[in-house]
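J.: When you get a sec, could you give me coordinates for this:
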Amino acid sequence: MRLEIDLYERKVELLKALAHPIRLCIVKNLIQGGGCNVSYMEECLEVSQSVVSQHLTKLKAAGIIKGQRQGNEIFYEVENEEVKAIITALFQ
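T.: Next comes the predicted model:
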């Protein structure tokens, strides 16, 4: 029974990470666009760079996104297949 509780706790943490409009928007746009940098997100979401960075930190900690450095910029993409399926189901 404990293994099932652990599984549910992991799923809840994943859903908590997605349960903010800005983070949900970031993840949806990363899936649809194939990845982008913070500057683009800042412009698209009309929020400051620090706000975008705070949300990216939470998404990275939850194992939802990853960043890859390209020169002076970091391009982010969704790496969690389960999250891709959730977002696809939410926005059909």
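J.: what about residue 76, which SS state?
T.: Here residue 76 is strand, with the state taken from DSSP: H, G, I helix; E, B strand; the rest coil.
J.: what about it, neighbour count?
T.: By other Cβ atoms under 10 Å, 24 other residues sit near residue 76. Yep, even glycine has a C-beta here, placed from its N, CA and C like the rest.
J.: how close does it sit to residue 12?
T.: Computed with Cβ to Cβ, to the nearest Å, the distance linking residue 76 and residue 12 is 23 Å.
J.: Now do the contacts for residue 70.
T.: Residue 70 sits next to no residue when contact means Cβ atoms under 8 Å, 6 or more residues apart in numbering.
J.: top helix in the chain by residue count?
T.: In the chain, taking DSSP state H as the definition, the longest helix is helix 2-18.
J.: In terms of secondary structure, what does the worst-scoring helix or strand of the chain on mean pLDDT contact?
T.: In the chain, no helix or strand scores lower on mean pLDDT, DSSP states H and E than helix 38-45, which sits at a mean of 89. Under the contact definition 3 or more Cβ pairs under 8 Å, 6 or more residues apart in numbering; DSSP states H and E, helix 38-45 sits against helix 21-33, helix 49-61, strand 73-78.
J.: Need the ones you listed in a markdown table (columns: distance to residue 3 and mean pLDDT).
T.: Shown next, in a markdown table, are those (distance: least, Cβ to Cβ, whole Å; pLDDT from 0 to 100):
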| stretch | distance to residue 3 | mean pLDDT |
| --- | --- | --- |
| helix 21-33 | 27 | 94 |
| helix 49-61 | 23 | 95 |
| strand 73-78 | 27 | 95 |
